[in-house]
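Visitor: here's a sequence, model it:
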Amino acid sequence: MATYSLELKEKLVRKMMPPHSERIAELSAQYGISRATLYNWRNQYRAKGHIVPNRKTSADKWDAKTKLAVVIKTAAMNHAERAEYCRANGLYVEQLDEWREAFEAMGQEPDIKSKRALSNRVLRDHNLQHYRGRSKPPQKPSLPVSLHASCPNQVRSWDITFLPSSIRGRFYRLYMVMDIYSRYIVGWEVHLRESAQHASELIEKASIRQGIHSEQLVLHADNGSPIFPKINY
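Guide: Numbering: from 1, shown residues only. The predicted model follows:
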């Protein structure tokens with residue numbers, strides 16, 4: 001199958017576009033490319049919102065779909081931009097006004113959805129359709145993983161909770177590790193503050209006491225910096 005460069009593809013499609021509006025049969029004979037390929041290229045550019053008429057005719061004889069695409073594309077332009085667009089595509093501003101009035105009379109006025117699609121295409125053409133804020137772009141959260149245990153010492157869960165003290169407003173931190181199969185508390189300690197070092201030492205001592213190696217144990221926890229201790233055993 002023959003392959004063609006993107007530059008050649010864009011060049012030929014632009015020849016199909018106004019003001020050239022060259023026929024596909026002529027381009028096929030001139031460049032030795034099948035008509036089916038050229039039709040496919042034309043349809044691809046049409047899907048992106050480009051104006052590619054069906055045949056080499058005057059603008060007034062374009063099909064309704066092409067006219068509607070022109071009306072939608074120029075809807076958000078000011079007078080100077082519309083005039084420049086018309087000069088580049090061999091049109092008249094009066095033709096755009098006539099087409100728009102005709103579509104309004106038919107109840108086919110470009111809706112907000114069509115205008116939004118046009119805005120997205122313009123942003124994409126200028127490489128502006130991406131996150132441009134100072135903060136990090138939003139990320140899709142990963143789905144939670146289900147953990148199952150068929151016997152003890154396979155999956156353990158641990159967390160930190162607050163314990164009230166005799167002083168109002170002051171709390172101790174209870175560190176606790178539990179086997180999710182047997183519900184047996186394999187280790188616990190009370191500290192004055194949250195620390196990844198305390199968590200690491202507790203989990204390591206509980207595993208050594210049970211004769212468990214880190215490679216054979218799955219440890220479940222919530223998020224947070226103390227919740228991700230470095231375990232060496």
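Visitor: only C-alpha atoms for contact and neighbour calcs from this point on.
Guide: OK.
Visitor: following element in sequence after the lowest-mean-pLDDT helix or strand in the chain, please.
Guide: Ranking every helix and strand in the chain by mean pLDDT, DSSP states H and E puts helix 112-125 at the bottom, with a mean of 65. Counting by DSSP states H and E, the next helix or strand C-terminal to helix 112-125 is strand 155-164.
Visitor: now do the helices in this protein.
Guide: In the chain, the helices defined using DSSP state H lie at 6-16, 24-31, 35-47, 64-74, 79-89, 93-105, 112-125, 196-210.
Visitor: give me whichever of the ones you listed is most buried.
Guide: Across the helices of the chain, averaging neighbours per residue (mean count of other C-alpha atoms under 10 Å) puts helix 64-74 on top, at a mean of 19.
Visitor: helices or strands next to it in the packing?
Guide: Applying 3 or more C-alpha pairs under 8 Å, 6 or more residues apart in numbering; DSSP states H and E, we find helix 64-74 packed against helix 93-105, helix 112-125.
Visitor: need the mean per-residue confidence for that helix.
Guide: Mean pLDDT, computed over helix 64-74, is 75.
Visitor: which intervals of the chain have sub-threshold pLDDT?
Guide: Applying pLDDT under 70 to the chain flags the ranges 1, 17-21, 45-63, 65, 104, 106-119, 121-123, 125-135, 214, 223-233.
Visitor: okay, now residue 2: neighbour count?
Guide: Neighbour count for residue 2, taken as other C-alpha atoms under 10 Å: 4.
Visitor: which ones are touching it?
Guide: By C-alpha atoms under 8 Å, 6 or more residues apart in numbering, the contact set of residue 2 is empty.
Visitor: kindly state the domain boundaries assigned to the protein.
Guide: Per automatic domain parsing, the structural domains of the chain span 6-125, 155-227.
Visitor: quick one, which of the ones you listed gets closest to residue 140.
Guide: Of all the domains of the chain, domain 155-227 sits nearest to residue 140, with 16.4 Å by C-alpha to C-alpha.
Visitor: count the neighbours of residue 162 for me.
Guide: 16.
Visitor: surely it and residue 175 touch.
Guide: No. Contact between residue 162 and residue 175 fails when scored by C-alpha atoms under 8 Å: they sit 9.2 Å apart.
Visitor: that older thread, okay if I get the helices of the chain as JSON lines plus distance to residue 143?
Guide: Formatted as JSON lines, these follow (distance: least, C-alpha to C-alpha, whole Å):
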{"stretch": "helix 6-16", "distance to residue 143": "39"}
{"stretch": "helix 24-31", "distance to residue 143": "50"}
{"stretch": "helix 35-47", "distance to residue 143": "34"}
{"stretch": "helix 64-74", "distance to residue 143": "40"}
{"stretch": "helix 79-89", "distance to residue 143": "48"}
{"stretch": "helix 93-105", "distance to residue 143": "47"}
{"stretch": "helix 112-125", "distance to residue 143": "30"}
{"stretch": "helix 196-210", "distance to residue 143": "25"}
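Visitor: so which of these is nearest residue 149?
Guide: Nearest to residue 149, of the helices of the chain and by C-alpha to C-alpha, is helix 196-210 at 16.6 Å.
Visitor: ok now the closest one, how far from the chain's centre?
Guide: Distance, stretch centre to chain centre, for helix 196-210: 42 Å (C-alpha atoms, centre = their mean, to the nearest Å).
Visitor: do the same with stretch 178-194
Guide: Here stretch 178-194 shows a centroid-to-chain-centroid distance of 41 Å under the convention C-alpha atoms, centre = their mean.
Visitor: please identify the buried residues of it?
Guide: For stretch 178-194, the neighbour count (16 or more other C-alpha atoms under 10 Å) marks 178-180, 186-188, 190, 194 as buried.
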